[in-house]
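Peer 1: below are the sequence and a predicted model for it; my questions follow.
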Amino acid sequence: MAFVMVVTGFVTSLLVANIIAVKLIEIGSWIMPAGVIIFPVSYILSDVLTEVYGYHRARQVIWLGFVCNLLAVLAIAVAQFLPHPGFWDGQTAFERILGYAPRLLLASFLAYLVGEFVNAYVLARMKILTQGRWLWMRTIGSTLVGQLLDSGVFITVAFAGALPQEALFTAIGVQWLVKCAYEAAATPLTYWVVGVLKRHEGVDVYDTGTDFNPLKVHG
């Protein structure tokens, strides 16, 4: 049950982040998609999954999140293109908010897979190297790498050629800093959740013999 709850939180935070990301928010001089409000939660829960259940289970959940996100995108696309009654005047608003540009979709999917898998891999490897000590170092360290790749892949694929190079680097840096600060601030909560799950589930997996191939979902 605890595992299911963590997986549900992971998938929910991913789907919600992708839906609200269409809105841009401004904090001081920083402009970023509203998805940063909840997307880092998926990384926190990915850390929890890898730390407690191991890379193999985290890998399955990452692919599950990918499939759920793809299903949501397909459902929205079908709803967008189905004919609507003449009295309904919300089609333009629906397309503006929920419609996806192919380039942004590609950027989102690639960034998600690269970032999540690298995050889980780094945390699993660091757990072996540190012999299970210094959880804070593993969660923050893996997030620094994973979120940098996530932000870098997304911004580059989505906006290369449309934004000046300096603006691209700035956008990557801002998103990376905000997401990593989020992870660092949530460290006490991560410690608590990991501790509760390890006691409740009676597991604490070390990936000493794990095949880290991200495509190997089974076995």
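Peer 2: The structure has been received and is ready for your questions.

Peer 1: shaky segments in this protein?
Peer 2: 101, 218-219 (pLDDT under 70).

Peer 1: list the residues that contact residue 32.
Peer 2: 24, 25, 171, 174, 175, 178 (C-beta atoms under 8 Å, 6 or more residues apart in numbering). Backbone N, C-alpha and C define where each C-beta goes, glycine included.

Peer 1: how does it look with 6 Å?
Peer 2: Counting by C-beta atoms under 6 Å, 6 or more residues apart in numbering, residue 32 touches 174, 175.

Peer 1: in three-state terms, label it for me.
Peer 2: Three-state assignment for residue 32 (DSSP: H, G, I helix; E, B strand; the rest coil): strand.

Peer 1: I'd like to know how far it sits from residue 143.
Peer 2: 17 Å (C-beta to C-beta, to the nearest Å).

Peer 1: just residue 115 next, same as before
Peer 2: With C-beta to C-beta as the criterion, residue 115 and residue 143 are 9 Å apart.

Peer 1: name the SS class of the residue sitting nearest the centre point of the chain, please.
Peer 2: Ranked by distance to the mean C-alpha position of the chain (C-alpha atoms, centre = their mean), the top residue is residue 42 at 4.7 Å. What three-state DSSP gives for residue 42 is helix.

Peer 1: any idea which helix or strand carries the closest residue to residue 171 other than its chain neighbours?
Peer 2: Among residues not flanking residue 171 along the chain, residue 155 sits closest, at 4.9 Å (C-beta to C-beta, 6 or more residues apart in numbering). Using DSSP states H and E, residue 155 sits in helix 135-159.

Peer 1: need the residues that contact that helix.
Peer 2: 43, 47, 104, 107, 110-111, 114-115, 118-119, 122-123, 126-127, 168, 171-172, 175-176, 179-180, 183-184, 187, 190.
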